[in-house]
Structure formats: C-alpha cells, structure tokens
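>>> based on what follows, work out the 3D shape:
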Amino acid sequence: VQLVESGGGLVQPGGSLRLSCAASGFAFDYYVIGWFRQAPGKEREGVSYISSSTGTGRTYYSDFVEGRFTISRDNSKNMVYLQMNSLKHEDTAVYYCAAGRVASLRTFAYDFWGQGTQVTVSS
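Next up is the predicted model:
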C-alpha cells in the first residue's frame, strides 16, 4: 500500500496550490480519501474527504477551508487532488492524504497514510 503526496511548496497569501495524492496497492475505488494537515506544535486535523467511488462520491470540508479548497478524485488514475485557493498564513502545515473505509475527518478512521507534503504560505 502506498500513498504519495506531491504539489506542496511556498506560496504567497492569496495564492493557490494543487496537491496530488497517488494511491497504489489497495482497492482505491472502495476507499474514502481524506486530506489532513498538521502544523508545528498542533494536532493533525481533518481538511476534507471524498467518499468512495462505489458510494456517493460525496465531498466534505472543514469550516476553515470551506469555499476555498476543492477535493476531487480520478479513479482511472488512482489519484486524488486538493485544489487550494485563497491561501492564508494559517494554512501552513504538512498536508497528508489518507485512505479509509468510513467517511469521516477523524484520523482514527483511516487505515493508510502518506508521508506528507509541506505547504508554506508566506510573503
């Protein structure tokens, strides 16, 4: 099982980034994919999830990213994306993608995790 994030980097406030998560080694279509983030000294928190392709494909966002971030999945490529717009200083964190069987933003609901990609929002 492997989840590999990419697309992080340094961006100015108000800018955009697109994170990608490449999945392999498990039945991708059957899994919920979530994005989480962890800032220095803080607990890991849920950002967004997209439910399985065999389910409703429903998306959910935490309040602090609602209207700014968009999650999507491409089942033909086993990829999930997080489009992040109007980035703020407080969005600075390591961003992780994860796969689980329950549509939730609780970390314990996820079975597989990537290594993370750093997003830094700074002028």
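>>> C-alpha from now on. contacts and neighbour counts both.
Fine.
>>> who does the residue most central in space within the chain bridge with?
The residue lying closest to the centre of the chain (CA atoms, centre = their mean) is Trp35, at 2.3 Å. Applying DSSP bridges to Trp35 gives these bridge partners: Ser48, Cys97.
>>> wait, it touches Ser51, no?
No - using CA atoms under 8 Å, Trp35 is not in contact with Ser51; the gap is 11.8 Å.
>>> skipping its backbone neighbours, what lies nearest Gln83 in space?
The shortest distance from Gln83 to any non-neighbouring residue, by CA to CA, 6 or more residues apart in numbering, is to Arg18 (4.4 Å).
>>> name the SS class of the one you found, please.
Of the three states, Arg18 takes strand under DSSP: H, G, I helix; E, B strand; the rest coil.
>>> distance check, it against Thr70.
9 Å (CA to CA, to the nearest Å).
>>> what's the overlap in contacts for these two?
Common neighbours of Arg18 and Thr70, counting by CA atoms under 8 Å, 6 or more residues apart in numbering, are 81-84.
>>> what subset of these is buried?
Listed as buried from the shared contacts of Arg18 and Thr70 are 81-82, 84; burial here means 16 or more other CA atoms under 10 Å.
>>> show only the entries of those residues found in strands.
81-82, 84 (DSSP state E).
>>> TSV please, covering the residues you listed and showing pLDDT and distance to Val11.
Shown next, in TSV, are these (pLDDT from 0 to 100; distance: CA to CA, whole Å):
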residue	pLDDT	distance to Val11
Tyr81	98	18
Leu82	98	15
Met84	98	11
